[in-house]
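1. sequence first, predicted coordinates after that:
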Amino acid sequence: MGKYQRILLKISGEALMGDLGYGIDPNVTTEIAKEIREAVKSGVEVAIVVGGGNIFRGVAASTKGMDRSTADHMGMLATMINSLAMQDALEKIGVFTRVLSAIEMKEISEPYIRRRAVRHLEKGRVVIFGAGTGNPYFSTDTAAALRANEINAEVIFKATSVDGVYDCDPRTNPCAVRFESLSHMEMLTRELKVMDSTAASLCMDNKIPLVVFSLKTPGNIYRAITGEKIGTYIEG
Ligand code: UDP
């Protein structure tokens with residue numbers, strides 16, 4: 001049994017596309033699912049928020065002239081596509097799941113009801129929160145911060161393509177230095193862009209820690225969830 005009892009895992013949409021450049025790579029969802037299964041087996045309650053950036057991003061479409069709210073609604077639908085893909089991958093390997101959508105889609109998922117989400121977690125089911133917060137102008141990082149607080153998760157894990165938080169972009173600057181740990185305030189004031197500022201301030205105000213780590217190293221999700229120190233720890 002690891003350090004945590006209940007956690008929230010945020011997976012970006014981009015992570016799901018693997019090397020495909022668009023959409024969902026079933027090998028990636030299967031690998032992620034296997035690690036989640038191990039974490040669930042070890043007794044950790046796991047909730048997931050999946051992004052939608054591999055399919056559609058509201059802001060990007062709105063800069064090309066689309067109405068922002070409409071574009072964001074499309075972005076939220078993209079997160080539902082990813083949520084169903086994660087559900088499928090998990091259920092195929094024997095993990096019980098429920099998708100709870102912030103926008104009612106009762107033919108394909110349950111509506112988001114906080115008490116129901118908590119009950120599913122208590123029963124050992126993996127809960128996948130779809131459709132972000134249900135509101136335009138927000139991100140799935142904000143959805144992760146919001147839901148983590150609502151379900152009393154102890155920590156948010158943000159699985160990304162980079163192995164932690166750096167003082168500048170390690171993809172363009174070879175001298176970039178990785179932080180072992182820092183505070184939400186430092187993250188905001190140094191504009192480190194780990195999360196958008198709405199999500200970061202929600203975490204800060206409610207003292208919820210965040211761990212940022214790379215999804216590219218196999219086993220990292222399981223390691224992080226079961227309490228091993230990896231990536232960058234942002235204090236709550
Ligand atoms: N979105 C939204 N409200 C939310 C969450 C998401 O409108 O509460 C929309 C928004 O358009 C966003 C898209 O869904 O661009 C996909 O989510 P996000 O960009 O956070 O996904 P990620 O970057 O994690 O793949």
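-> Happy to help now that I have it.
2. make it CA atoms for all contacts and neighbour counts henceforth
-> Noted.
3. contacts only, for Pro136.
-> Applying CA atoms under 8 Å, 6 or more residues apart in numbering, one finds that Pro136 lies in contact with 68-69, 72-73.
4. wouldn't Arg6 be in contact with Glu150 here?
-> No - checked against CA atoms under 8 Å, the pair Arg6 and Glu150 is beyond contact range at 11.9 Å.
5. the two: who's more crowded?
-> Counting neighbours by other CA atoms under 10 Å for Arg6 and for Glu150 shows that Arg6 has the greater number, 22 against 13.
6. so for the more buried one, what pLDDT did the model give?
-> Predicted confidence (pLDDT) for Arg6: 98.
7. how near is it to the ligand?
-> Using CA to the nearest ligand atom, to the nearest Å, Arg6 is found at 21 Å from the ligand.
8. spit out the contact partners of that residue.
-> 44-47, 152-155.
9. and the pLDDT for the closest residue to it other than its chain neighbours?
-> Leaving aside its sequence neighbours, Arg6 sits nearest to Glu45 (CA to CA, 6 or more residues apart in numbering; 4.5 Å). For Glu45, the model assigns a pLDDT of 98.
10. which residues does the helix ranked longest in the chain contact?
-> For the chain, the helix with the greatest residue count under DSSP state H is helix 68-92. For helix 68-92, contacts defined as CA under 8 Å, 6+ apart pick out 13, 16, 24, 26, 29-30, 33-34, 37, 49-53, 55-59, 61-62, 96-99, 101, 128-132, 134-137.
11. which ones among those are found in helices?
-> 13, 16, 26, 29-30, 33-34, 37, 58-59, 61-62.
12. ok, Leu9 - contacts?
-> Contact analysis of Leu9 by CA under 8 Å, 6+ apart lists 46-49, 144, 156-159.
13. can you map out the strands along this structure?
-> 6-11, 45-50, 97-101, 110-111, 126-130, 155-160, 181-183, 210-214, 232-235 (DSSP state E).
14. could I get those in TSV, plus columns for distance to Cys203?
-> Below are the strands of the chain laid out as TSV (distance: least, CA to CA, whole Å):
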stretch	distance to Cys203
strand 6-11	12
strand 45-50	15
strand 97-101	22
strand 110-111	24
strand 126-130	18
strand 155-160	9
strand 181-183	10
strand 210-214	8
strand 232-235	9
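15. go through those and name the closest to Cys175.
-> strand 232-235 (17.3 Å; CA to CA).
16. and that closest one, which strands flank it?
-> strand 181-183 (parallel), strand 210-214 (antiparallel) (DSSP bridges).
17. quick check: mean pLDDT of that strand?
-> Averaged over strand 232-235, pLDDT sits at 96.
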